[in-house]
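Enquirer: Just a sequence and a predicted model for now, questions to come.
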Amino acid sequence: MRVDLAAKVLSNSVPKALILAVGSKATQMSQFAEMFNKFFDCLNVSSLSAGKFSRNPFTSPYRSGTDWKRKWLTDVFLVYLDEWEESVKGKEGFDKSQKILMMLSAETRQGLRLTGVSVFLRNRVCQDPLENFFGQQQQRGRADENPSVSEFIRNTQALRVISTTCNTIRGNCRGGATISEDLTNAGPLAKRPRRSA
């Protein structure tokens, strides 16, 4: 997966570059990139000492329920999402399906509104099953980095069949071996009997 590309697009320099290159036409896109950059920085905290030596205050961890980042999330970021949703709903001349395409998906909006954590460290969240699944999707797609919905569904069905018949021994993600111990015995092999001369 090329997650690094998304991190580059929603970085701190992109909103500034959009305003510099395009001007006032790009204010909405610039605001979107800036808001989501700050949101990702809020969630991309790996330790309690993170943010001490950074000039970006959004990389510091949540310390309490009254943390200033929580206030930013509820009073600025979520208000931004609500205003975006209301502005799309208020547009005239578009049917419901077109308006849905102008917003984030309902599931994404719901996930973004979940801010009820007291301390959040990203390294405590295990995304390995999800990474495994999309890594297998990418392997099934071979050179095609942008599969269609039907190809994605076909690959998922093939992966279901494969997962019921064949388990992997190891990978680059957390978790133990899924094959029984007798198949993966790491002990020494039995020696061949010596031939008498």
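Expert: Yep, it's here.

Enquirer: Now do the helices in this structure.
Expert: Here the chain has its helices, by DSSP state H, at 3-9, 13-22, 27-43, 68-72, 78-89, 96-101, 106-112, 128-141, 149-165.

Enquirer: Can you mark which positions in the fifth one are buried?
Expert: Right, helix 78-89. By neighbour count with 16 or more other CB atoms under 10 Å, helix 78-89 contains the buried residues 80-81, 84-85, 88. Bear in mind the C-beta positions are built from the backbone N, C-alpha and C, glycine included.

Enquirer: which one of those sits closest to residue 106?
Expert: Closest approach between these and residue 106, by CB to CB: residue 85, at 9.8 Å.

Enquirer: Stretch 14-30: which residues count as buried?
Expert: 14-15, 18-19, 26, 30.

Enquirer: next one: stretch 58-73
Expert: 58-62, 67, 69-70, 72-73.

Enquirer: Turn these into a markdown table, including pLDDT.
Expert: Below are the buried residues of stretch 58-73 laid out as a markdown table (pLDDT from 0 to 100):
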| residue | pLDDT |
| --- | --- |
| 58 | 82 |
| 59 | 80 |
| 60 | 80 |
| 61 | 78 |
| 62 | 73 |
| 67 | 78 |
| 69 | 82 |
| 70 | 80 |
| 72 | 86 |
| 73 | 84 |
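
Enquirer: Residue 153: which of those is nearest?
Expert: residue 73 (34.9 Å).

Enquirer: The closest one contacts residue 38, doesn't it?
Expert: No - the pair residue 73 / residue 38 is not scored as a contact, 9.2 Å apart, by CB atoms under 8 Å.

Enquirer: No further questions, thank you.
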